[in-house]
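*Asks:* Sequence and predicted structure, then a few things I'm wondering about:
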Amino acid sequence: MKRLGALVALTLCIASFNLASAQSINKSKFGKGLQFIAADSSFSLKFSTRFQMLYQGAINNSSEQLEDRFLIRRARLKFEGFAYSPKLEYKIELGLSNSDIGNDDPARFNNADNIILDAVAMWNFAPGWELWVGQTKLPGNRERIISSQKMQFVDRSLLNSRFNIDRDAGLQLHHTHTVGTAIVRESGSISMGEGRDITVNNAGGYDYTAKVEVMPFGEFEGGGAYVGSDIYREETPKLAIAAAYNYNDNASREGGQLGDFLSDQRDLSTVFVDYMFKYKGFSSMGEYANKSAPNGPVVLRTDEGAVEETFVTGNAFNIQAGYLFPSNWEIAGRYTTYNPDEVTSLNAQEQYTLGLSKYIVGHSLKVQSDVTLQDTPGRENTFLFRVQMEVAL
């Protein structure tokens, strides 16, 4: 399966370059991909690729032994543009690294490789309205919607890894309008509820998401409400506030769309509240998440009563802020607390992170580093440190 996925990705790359040679290339420059429009204007295509090279290490208070490694954290191919009409856009994104691909439970889903990240068509059928069809990110927490290319730190927070609703296949409806100087966005989705690249019949019920976002001072420069750091240096204060609710009917995986498949199902409800603020190089983002299972998250216990299978429920809070200097160096700090429900027997954690980044060509060419103190009650503190280079063409 992995060989087949790599072959498909390579074929798409070759086809795109061959097609590019037969069309007029325009607006192509570093970080913006290879862009062209068909001679009869019947479609457009932008091809881009990127990767992240990561070094990470960890050491705890009592141990002098360093655990570290180098890895390709992400390697992506992306194709986007319009088909037939500029009102019908599309996006295809493929993940090639082991961290991108992952696997489903081999006993139930034949060890399917999750190569396809996004495959979605977006139809602007009326002013301010878009219908999305396919697989892509659900309208959940802000940190997850922000591209992994455009993050303020080396990677997303503990809140996101525990509670985000990730990608899913289905339908989404998006609406944008203005109220005075404010921009209001509403979005909703109906999806499978079991995450990306699932090819069997729906094991449980469907997943439903609704989100409302308000930008009281108008739109951010360059879509900055979903870009880490104030790389556009907003000339006036910009603020975005959002709330989202997700209901996953009879979820099968421990996180809903993510995690191991469990031996029983549960309804999951998740609430997200977040904000983004930017002004003249300063940026701040905060999120709160709460996930619950009304019928109880624990699925299976051992004969001794220990939790063997459970859905991940509880709450988390994340806040971060940074300042981008005129030299394009940025210093940033982040605090995250994760509080699982006691019945799950999962470990609570707090993380304190300090980051230092150098933006060479915005988020397209940058080097980021961070150091994290991880505090887990009942265990020794652990220090995590990472350095990552991003190259996006």
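*Replies:* Nice, thanks for sending it over. Numbering: from 1, shown residues only.
*Asks:* can you give me the helices in the stretch 51-200 of the chain?
*Replies:* Here the stretch 51-200 of the chain has its helices, by DSSP state H, counting those that start in this stretch, at 98-101, 106-109, 142-145, 158-163.
*Asks:* Show me what the first one is packed against.
*Replies:* Other elements packing on helix 98-101 under the criterion 3 or more C-beta pairs under 8 Å, 6 or more residues apart in numbering; DSSP states H and E are strand 67-83. (Each C-beta comes from the backbone N, C-alpha and C, glycine too.)
*Asks:* Residue 39: what secondary structure?
*Replies:* Of the three states, residue 39 takes coil according to DSSP: H, G, I helix; E, B strand; the rest coil.
*Asks:* Show me what counts as buried in the helix or strand that contains residue 269.
*Replies:* According to DSSP states H and E, residue 269 maps onto strand 261-279. Buried residues in strand 261-279, counted by 16 or more other C-beta atoms under 10 Å: 261-262, 265-268, 270-279.
*Asks:* do stretch 216-230 as well
*Replies:* Neighbour counts using 16+ other C-beta under 10 Å place 217, 220, 221, 224, 225, 226, 227, 228, 229, 230 of stretch 216-230 among the buried residues.
*Asks:* re earlier: next, give me the two most distant ones among the buried residues of strand 261-279.
*Replies:* Of all pairs drawn from the buried residues of strand 261-279, the widest gap by C-beta to C-beta lies between 265 and 279 and measures 45.7 Å.
*Asks:* count of residues packed around the residue nearest to residue 136 when sequence neighbours are not counted?
*Replies:* Ranked by C-beta to C-beta, 6 or more residues apart in numbering and with sequence neighbours excluded, the top spatial neighbour of residue 136 is residue 120, at 4.2 Å. Look at residue 120: counted by other C-beta atoms under 10 Å, it has 19 neighbours.
*Asks:* quick one: pLDDT of the most centrally placed residue in the chain?
*Replies:* Per C-alpha atoms, centre = their mean, the C-alpha nearest to the average position across the chain is that of residue 144, at 3.3 Å. Per-residue pLDDT puts residue 144 at 97.
*Asks:* and what of residue 170?
*Replies:* At residue 170, the pLDDT value in this model is 96.
*Asks:* Quick check: it vs residue 294, distance?
*Replies:* As judged by C-beta to C-beta, to the nearest Å, residue 170 and residue 294 stand 23 Å apart.
*Asks:* who's more crowded, those two?
*Replies:* Using other C-beta under 10 Å as the criterion, residue 170 and residue 294 rank with residue 170 on top: 19 against 9.
*Asks:* Which residue is the nearest non-sequential neighbour of the more buried one?
*Replies:* Using C-beta to C-beta, 6+ apart and skipping the chain neighbours, the partner closest in space to residue 170 is residue 191 (3.1 Å).
*Asks:* Give the bridge partners for the residue nearest to residue 271 when sequence neighbours are not counted, please.
*Replies:* Nearest residue to residue 271, sequence neighbours excluded (C-beta to C-beta, 6+ apart): residue 290, at 4.8 Å. Beta-bridge partners for residue 290, by DSSP bridges, are residue 271, residue 315.
*Asks:* For residue 290, the count of nearby residues, please.
*Replies:* The burial count assigned to residue 290 is 16, neighbours taken as other C-beta under 10 Å.
*Asks:* Likewise for residue 128?
*Replies:* When counting by other C-beta under 10 Å, one arrives at 11 neighbours for residue 128.
*Asks:* do the same with residue 191
*Replies:* Residue 191 is surrounded by 24 other residues when neighbours are defined as other C-beta under 10 Å.
*Asks:* got it, and the one 5 residues further on?
*Replies:* Look at residue 196: counted by other C-beta under 10 Å, it has 24 neighbours.
*Asks:* Repeat that for residue 295.
*Replies:* Around residue 295 there are 11 residues (other C-beta under 10 Å).
*Asks:* now residue 180
*Replies:* Counted with other C-beta under 10 Å, residues neighbouring residue 180 total 7.
*Asks:* next one: residue 300
*Replies:* Using other C-beta under 10 Å as the criterion, residue 300 is surrounded by 12 other residues.
*Asks:* which residues touch it?
*Replies:* The neighbourhood of residue 300, defined by C-beta atoms under 8 Å, 6 or more residues apart in numbering, consists of 262, 263, 264, 307, 308, 309, 310.
*Asks:* same deal with residue 182?
*Replies:* Remark: with contacts taken as C-beta under 8 Å, 6+ apart, residue 182 is in contact with 214, 215, 216, 217, 218.
*Asks:* which residues does it bridge with?
*Replies:* Under DSSP bridges, the beta-bridge partners of residue 182 are residue 179.
*Asks:* try residue 46
*Replies:* Here residue 46 shows beta-bridge partners residue 35, residue 80, assigned using DSSP bridges.
*Asks:* I figured residue 61 hits residue 379, correct?
*Replies:* No: distance between residue 61 and residue 379: 9.8 Å, which falls outside the contact criterion (C-beta atoms under 8 Å).
*Asks:* Okay, now the unreliable bits of this protein?
*Replies:* Scanning the chain for pLDDT under 70 picks out the ranges 1-27, 102-113.
*Asks:* Contacts for stretch 116-127, please.
*Replies:* With contact meaning C-beta under 8 Å, 6+ apart, stretch 116-127 is reached by 76, 78, 83, 87-95, 100, 130-137, 167, 196-197.
*Asks:* repeat that with 7 Å
*Replies:* The set of residues that contact stretch 116-127 without belonging to it, under C-beta atoms under 7 Å, 6 or more residues apart in numbering, is 87-95, 130-136, 167, 196-197.
*Asks:* and what of stretch 363-372?
*Replies:* With contacts defined as C-beta under 7 Å, 6+ apart, stretch 363-372 is touched by 30-31, 149-150, 153-154, 231, 351-360, 383-392.
*Asks:* Swap in 6 Å and give it another go.
*Replies:* Contact partners of stretch 363-372, identified using C-beta atoms under 6 Å, 6 or more residues apart in numbering, comprise 31, 149-150, 153-154, 351, 353-360, 384-390, 392.
*Asks:* do stretch 251-267 as well
*Replies:* Among residues not part of stretch 251-267, those counted as contacts by C-beta under 6 Å, 6+ apart are 105, 108, 165-166, 168, 194-195, 203-204, 248-250, 268, 293-295, 299-300, 309, 311-312.
*Asks:* Understood, closing this out.
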